[in-house]
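In: Model the following, please.
(chains A and B)
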2 protein chains.
Amino acid sequence: MCELLAMSANVPTDIVFSFTGLAERGGVTGPHVDGWGITFYEGKGNRTFKDACPSSKSHIAELIKSYPIKSEIVISHIRQANRGCVSLVNTHPFSRELWGRYWTYAHNGQLTDYQATFSVSRFQPVGDTDSELAFCWILESVVNKFGEFEPENMNEVFQYISQLADEIRQLGVFNMLLSNGIDLMTYCTNNLCHITRRAPFGQATLIDTDVVIDFSQETTPNDVVTVIATRPLTNNENWVVLQPGEWKLFRKGELING
Amino acid sequence: MCELLAMSANVPTDIVFSFTGLAERGGVTGPHVDGWGITFYEGKGNRTFKDACPSSKSHIAELIKSYPIKSEIVISHIRQANRGCVSLVNTHPFSRELWGRYWTYAHNGQLTDYQATFSVSRFQPVGDTDSELAFCWILESVVNKFGEFEPENMNEVFQYISQLADEIRQLGVFNMLLSNGIDLMTYCTNNLCHITRRAPFGQATLIDTDVVIDFSQETTPNDVVTVIATRPLTNNENWVVLQPGEWKLFRKGELING
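Out: Numbers count the residues shown, from 1 in each chain, chains lettered A, B, ... in the order given. Prediction:
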């Protein structure tokens, strides 16, 4: 299995604190040593850093922990390989352009007997994971239903994707993060939780390493920041645990659907 | 205008030496201060680092110069904005998946009156540069001609892309780098040159900063490495200058077509 981390915020915010906790799970406090990746959206642009080595030992993860990239949406993943070998091409997050936006996706879980379901041609996987193929099938299904250009009502698109995710969940464990750079969608099979931080901000203490942050020093009173993770990253805050089959849609840090 | 840099090699090779020279042109020896990016292929996988700030001042460029990522194909670009604002979304290289491979592209030059030519729907630009739109149009034209799955004869595909590039060149300056992770294509309007290094390897001296490398210490006798750049990066080697309208295709460091 793997671990997921994501953020949706109403102002460009760095994720150094949360990523520092997550990265420990890639070889120190967790067994997810088969690569890691992180995508930062900055406006419509994004950038992804990834490595096929453990996040706890990665030079590039060191950079991310020490260099506060400010972003409105972040998706991150640390990998314990089950389907597909350990390699850069199989490292999440995966990204594709659709409707003039970069869509980014990460999956925690494992699927079986999926080849017959996931027939694709326009969006083809580059690596050999069940995860990437499921992503391609979601995008292909979305284009088949909504056409070549972005529809006005994106809620309908995400509602439809939640139905696709319900189908995928029949094939195994499917915890998912998905973003088009505006909205951030989560889908839960068994392990996903979130927390929304807003004023008055307090202190938070990481579970996985000895780090404490005082968010009131780092934020303004108008900031709204939601963090999503496989398991809670802090031990003194109230994380909301998602139920099997539950999905949620966040925009600018606020829950807007699901 | 911008500067391009690329590498095709028959063994995973680092590009630290050449990138160190190029990065100086992003604010020290050259005026290209509006962002930079670099894509490394590692097998079918790839990863892109980019920044909207000058390469000579970028934390991430520092990482690239100090951390030798070994790759078979590299495409890099430092930007002096003309079309499109300075932002991450407009920073090259651009990447799209086609036929189960990541295609990566960078462009030096400027086009005019291109909107009517570049009609696209399947591959849409995310940013607002002439460069990214031309890339989308190339891929869309390729799919329209060759279909949804990779043809056996890729030479025909690149031959066709060279014809598309001839058309694009009617609209302005179009120096291009393009790769699908196996082949590396170059197309020249006015500024592109290359050098192929093989045994016996010698010393090379960068033009833009005080660095000398002895390739015989860094290579094995079987290594073949081609480097492509807008202008020569070294002052004691014989770079081959491409002619207007000329294109070349490299695989594993060797010239195979064009």
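In: in the lengthiest strand in chain A, what's buried?
Out: When chain A is parsed with DSSP state E, its longest strand is strand A:3-13. For strand A:3-13, burial by neighbour count (16 or more other Cβ atoms under 10 Å in any protein chain shown) applies to A:3, A:4, A:5, A:6, A:7, A:8, A:9, A:10, A:13. Yep, even glycine has a C-beta here, placed from its N, CA and C like the rest.
In: which residues sit in contact with residue A:155?
Out: A:249, A:256, A:257 (Cβ atoms under 8 Å, 6 or more residues apart in numbering or on different chains).
In: Which members of the buried residues of strand A:3-13 are the farthest-apart pair?
Out: A:3 and A:10 (25.2 Å; Cβ to Cβ).
In: Tell me which residues of stretch A:17-33 come out buried.
Out: Those would be A:17-27, A:29-30, A:32-33, for stretch A:17-33 by 16+ other Cβ under 10 Å.
In: then it to PDB, C-alphas only?
Out: Output of stretch A:17-33 as PDB, limited to C-alpha atoms (Å, rounded to 0.1, in the frame of the first residue of the first chain):
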ATOM      1  CA  PHE A  17       5.200  20.800   7.600                       C
ATOM      2  CA  SER A  18       2.900  18.000   6.400                       C
ATOM      3  CA  PHE A  19       5.400  16.700   3.800                       C
ATOM      4  CA  THR A  20       8.000  16.500   6.500                       C
ATOM      5  CA  GLY A  21       5.700  14.100   8.400                       C
ATOM      6  CA  LEU A  22       4.800  12.100   5.300                       C
ATOM      7  CA  ALA A  23       8.400  11.700   4.100                       C
ATOM      8  CA  GLU A  24       9.300   9.900   7.400                       C
ATOM      9  CA  ARG A  25       6.800   7.200   6.400                       C
ATOM     10  CA  GLY A  26       9.000   6.500   3.300                       C
ATOM     11  CA  GLY A  27      11.500   4.400   5.100                       C
ATOM     12  CA  VAL A  28      11.600   5.600   8.800                       C
ATOM     13  CA  THR A  29       8.200   5.300  10.400                       C
ATOM     14  CA  GLY A  30       6.600   3.500   7.500                       C
ATOM     15  CA  PRO A  31       7.500   0.900   4.900                       C
ATOM     16  CA  HIS A  32       6.700   2.900   1.700                       C
ATOM     17  CA  VAL A  33      10.200   2.800   0.200                       C
END
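In: residues in contact with the one residue in the stretch 151-258 of chain A that gets nearest to chain B?
Out: Closest residue of the stretch 151-258 of chain A to chain B, Cβ to the nearest Cβ: residue A:181 (8.4 Å). Neighbouring residues of residue A:181 by Cβ under 8 Å, 6+ apart: A:41, A:43, A:44, A:46, A:73, A:101, A:102, A:103, A:104.
In: Please pick the buried ones from those residues.
Out: Burial by neighbour count, judged by 16+ other Cβ under 10 Å, picks out A:41, A:44, A:46, A:73, A:101, A:102, A:103, A:104 from those.
In: so who does residue A:98 touch?
Out: A:139, A:142, A:143, A:180.
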